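Asker: Need a 3D model of the sequence below.
(4 chains)
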Number of protein chains: 2
Amino acid sequence: MAKVDRRILKTQEALKKAVIELMTEKNFDDITIQEIADRANVNRGTIYLHYQDKYDLLDQLIETLLREMCELDEWACQLEWTEALVPYFEFFEKNYLFFSTMLASKGAPEAFRARLLVAFMEGFKCEIDRDSDRNTDLNDDVMLQYAGTAYVGVIEWWIRNGMPYPPQAMAKQVGTLIGRSL
Amino acid sequence: MAKVDRRILKTQEALKKAVIELMTEKNFDDITIQEIADRANVNRGTIYLHYQDKYDLLDQLIETLLREMCELDEWACQLEWTEALVPYFEFFEKNYLFFSTMLASKGAPEAFRARLLVAFMEGFKCEIDRDSDRNTDLNDDVMLQYAGTAYVGVIEWWIRNGMPYPPQAMAKQVGTLIGRSL
DNA sequence: CGCAATTCGTTCATATCTCAACAAACCGCG
DNA sequence: CGCGGTTTGTTGAGATATGAACGAATTGCG
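Answerer: Presented below is the predicted three-dimensional model:
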């Protein structure tokens, strides 16, 4: 893709960082456009050059994070599950602030869980075991829904409880379980 | 003074930060304008909108720091020495990276010590004890030179040796000594 | 409810920054 | 020395961000 002007990247990064920060301090709906602009050290009008409103900004912020996450495509049907999940849990850990906020706050982001789920199920698709016959009686969408919701549930629990186990341990256990489910 | 456009401040701060960082990694003379621009995430040409060359940038960087330091004018002839010096040593600590680089590197900043000295002596001027008669036989400039070089020397030692005592302890001791000298 | 204050979204003219290109100066090296 | 490659400083056209202003929501409160 055509390379983007450096100023655009700087502005958008500052804005997204500002939103994440502010979300840890107050409910998303209570955050004002002016506050975001101040925190990002950007003129208020500049926000409207990039986003419709603060909800659009939140949307694109989520989109960015999810895209980043999906680029951890080491799960290119290559590694074993227990290995492949490590970078993911490390990613969750690195973005702990964002995830915990998105999962805790109750304002806008009910949709966040759903988007996570879709992203995971998409990733799981090519992982279903078709070589053996242990899944002959199972429908794809059932298996995907099963493993997907389980994965999201575990992540949510892990984040909410302050990441009681290290990423590696989580990856190993969750990897085992997902492997059994697909 | 007329308020400065936000972009100017952002750019200049990024540039100064970049220089400080780079100076910890290599000799100032080996730093290239392009490197500074890259580190600051700024177009190379932009640098010339603000500075003549990298030496000018370093100059203004020093100027900025010294001005910042002088604005710690709690020593408005108000507090006792041992108290008044605390914010200064905290300032040195906060800018440890800069000071240690400026005092260690041997490229450009031989002049740095001299500038520090001048700044301190200027600040000492109004602090000379004229009320008692214990200084009647002493010249101002002698006392200033004496206390100033001593102060610079101690700071240099403290920074070079990795700040072996906390700022408060340093402020207390140096405060006592300067008080005796003026 | 009704008013005051805040926030929002938009507009405009202008300042600053960007990118690409250029010639000149500088550099290391055969 | 002389040559390629790098760095420098400058330029110009265009893109983006700024600040100030405005009326229209929205909010908080008596």
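Asker: Up against chain B, what does chain A have?
Answerer: Within chain A, the positions near chain B by CB under 8 Å from any CB of the partner chain are A:6, A:10, A:41, A:42, A:43. Quick note: C-beta positions are derived from backbone N, CA and C, even for glycine.
Asker: Now with 7 Å, please.
Answerer: Taking CB under 7 Å from any CB of the partner chain as the criterion, the neighbours of chain B within chain A are A:6, A:10, A:41, A:43.
Asker: Against DNA strand D, which of these make the cut? List them.
Answerer: Restricting these to those adjacent to DNA strand D (criterion: CB under 7 Å from any atom of the strand) gives A:10, A:41, A:43.
Asker: For PyMOL, write the select line for the buried members of those residues.
Answerer: Here is the PyMOL command that selects only those of these that count as buried (16 or more other CB atoms under 10 Å in any protein chain shown):
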select buried, chain A and resi 10
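Asker: Intersect the ones next to DNA strand D among the residues of chain A next to chain B with the contacts of DNA strand C.
Answerer: By CB under 7 Å from any atom of the strand, the members of those lying near DNA strand C are residue A:10.
Asker: got the ones next to DNA strand D among the residues of chain A next to chain B as JSON lines, with secondary structure columns?
Answerer: Below are these laid out as JSON lines (DSSP: H, G, I helix; E, B strand; the rest coil):
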{"residue": "A:10", "secondary structure": "helix"}
{"residue": "A:41", "secondary structure": "coil"}
{"residue": "A:43", "secondary structure": "coil"}
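Asker: Chain A - how does it break down into domains?
Answerer: According to the domain assignment given by automatic domain parsing, chain A is divided into the following structural domains: A:1-71, A:73-182.
Asker: Least confident of the ones you listed, on average?
Answerer: For the domains of chain A, mean pLDDT drops lowest on domain A:73-182, to a mean of 82.
Asker: Do that domain and DNA strand C come into contact?
Answerer: No: Domain A:73-182 lies out of reach of DNA strand C by CB under 7 Å from any atom of the strand, never closer than 13.1 Å.
Asker: anything in that domain near DNA strand D?
Answerer: No: judged by CB under 7 Å from any atom of the strand, domain A:73-182 stays clear of DNA strand D, getting no closer than 12.4 Å.
Asker: Nearest to the spatial middle of chain A, which residue is it?
Answerer: Among the residues of chain A, the one closest to the centroid is residue A:66, at 4.5 Å (CA atoms, centre = their mean).
Asker: wait, what's in contact with that one?
Answerer: The contact partners of residue A:66, by CB atoms under 7 Å, 6 or more residues apart in numbering or on different chains, come to A:115, A:119.
Asker: Flag every buried residue along the helix or strand containing it.
Answerer: In the assignment (DSSP states H and E), residue A:66 maps to helix A:54-70. Within helix A:54-70, the residues scored as buried using 16+ other CB under 10 Å are A:54, A:57, A:58, A:59, A:60, A:61, A:62, A:65, A:69.
Asker: With just CA atoms, put that helix into PDB.
Answerer: Listed in PDB are the C-alpha atoms of helix A:54-70, where the atom choice follows Å, rounded to 0.1, in the frame of the first residue of the first chain:
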ATOM      1  CA  LYS A  54     -14.900   9.000  19.500                       C
ATOM      2  CA  TYR A  55     -16.800   5.800  18.900                       C
ATOM      3  CA  ASP A  56     -15.200   5.600  15.400                       C
ATOM      4  CA  LEU A  57     -11.900   6.200  17.100                       C
ATOM      5  CA  LEU A  58     -12.500   3.400  19.500                       C
ATOM      6  CA  ASP A  59     -13.600   1.100  16.700                       C
ATOM      7  CA  GLN A  60     -10.500   1.700  14.700                       C
ATOM      8  CA  LEU A  61      -8.400   1.300  17.800                       C
ATOM      9  CA  ILE A  62      -9.900  -2.200  18.300                       C
ATOM     10  CA  GLU A  63      -9.500  -3.000  14.600                       C
ATOM     11  CA  THR A  64      -5.800  -2.000  14.800                       C
ATOM     12  CA  LEU A  65      -5.200  -4.200  17.800                       C
ATOM     13  CA  LEU A  66      -7.100  -7.200  16.300                       C
ATOM     14  CA  ARG A  67      -5.200  -6.900  13.000                       C
ATOM     15  CA  GLU A  68      -1.900  -6.700  14.900                       C
ATOM     16  CA  MET A  69      -3.000  -9.800  16.800                       C
ATOM     17  CA  CYS A  70      -3.900 -11.700  13.600                       C
END
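Asker: chain center to the helix or strand following that helix, what's the gap?
Answerer: If you walk from helix A:54-70 toward the C-terminus, the next helix or strand you reach (DSSP H and E) is helix A:81-84. A distance of 18 Å separates the C-alpha centroid of helix A:81-84 from that of its chain, computed with CA atoms, centre = their mean, to the nearest Å.
Asker: Residue A:168: neighbour count?
Answerer: Burial measure for residue A:168: 14 neighbouring residues, criterion other CB atoms under 10 Å in any protein chain shown.
Asker: Is it in contact with residue A:87, as I believe?
Answerer: No: because the distance of 10.6 Å does not satisfy CB atoms under 7 Å, residue A:168 is recorded as not touching residue A:87.
Asker: Residue A:179 - nearest residue in space that isn't next to it in sequence?
Answerer: Setting aside the residues directly before and after it, residue A:179 is nearest to residue A:81 in space (CB to CB, 6 or more residues apart in numbering or on different chains), at 4.4 Å.
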